[in-house]
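Undergrad: Based on what follows, work out the 3D shape:
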Amino acid sequence: MITQTPAEGILKTHDFGDSKWYQVVCGCGNSDHDHSVWVEADDTGVSVVIYTTNTSTFWSKSRWHQIWEIITKGYVEQEVSIVMSEQQALNYASVLTTAITDDKMFKNNRPR
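TA: From the prediction side, this is the model:
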């Protein structure tokens, strides 16, 4: 398989030169499972930040059980998942590689 342009399941939503923002769509079709990926180059290097919507299986636990988890652990466990086809995963890896390279080049070429 080869990477695609435009890429299946990957949408570039913003391009600010030294940073790019992508929407990675979940294969299940539920937009709550989509991930927003921000790739940014700054003075310390390149960072990749992934934003997601967390969900919990609140229906499987009583309210008291969740309160007890917060009291004893300090948090309630939640899950995040995304389903990608083989093609989408390949495109995702390619987009990250390209974005990192582009952001580094933009950062190195801007006037100081």
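Undergrad: doesn't Ser47 fall inside a helix?
TA: No - Ser47: not assigned to a helix; according to DSSP: H, G, I helix; E, B strand; the rest coil it is strand.
Undergrad: Report the separation between it and Lys107.
TA: Counting by Cβ to Cβ, to the nearest Å, the separation of Ser47 from Lys107 is 12 Å. For glycine as for every other residue, the C-beta is placed from the backbone atoms N, C-alpha and C.
Undergrad: Look at the two and report which has more neighbours.
TA: Comparing Ser47 with Lys107 by neighbour count (other Cβ atoms under 10 Å), the higher total belongs to Lys107, at 17 against 13.
Undergrad: show me what contacts the more buried one?
TA: 18, 41-42 (Cβ atoms under 8 Å, 6 or more residues apart in numbering).
Undergrad: Could you do Ser47 as well?
TA: If you count contacts by Cβ under 8 Å, 6+ apart, Ser47 has them with 39-40.
Undergrad: so how far is Pro111 from Trp38?
TA: Here the distance between Trp38 and Pro111 works out to 24 Å (Cβ to Cβ).
Undergrad: hmm, I was thinking of Val37
TA: Taking Cβ to Cβ, one finds Val37 at 28 Å from Pro111.
Undergrad: neighbour-wise, which of those two wins?
TA: A direct count of neighbours by other Cβ under 10 Å for Val37 and Pro111 places Val37 higher, at 21 against 3.
Undergrad: That one: what secondary structure?
TA: Classified using three-state DSSP, Val37 is strand.
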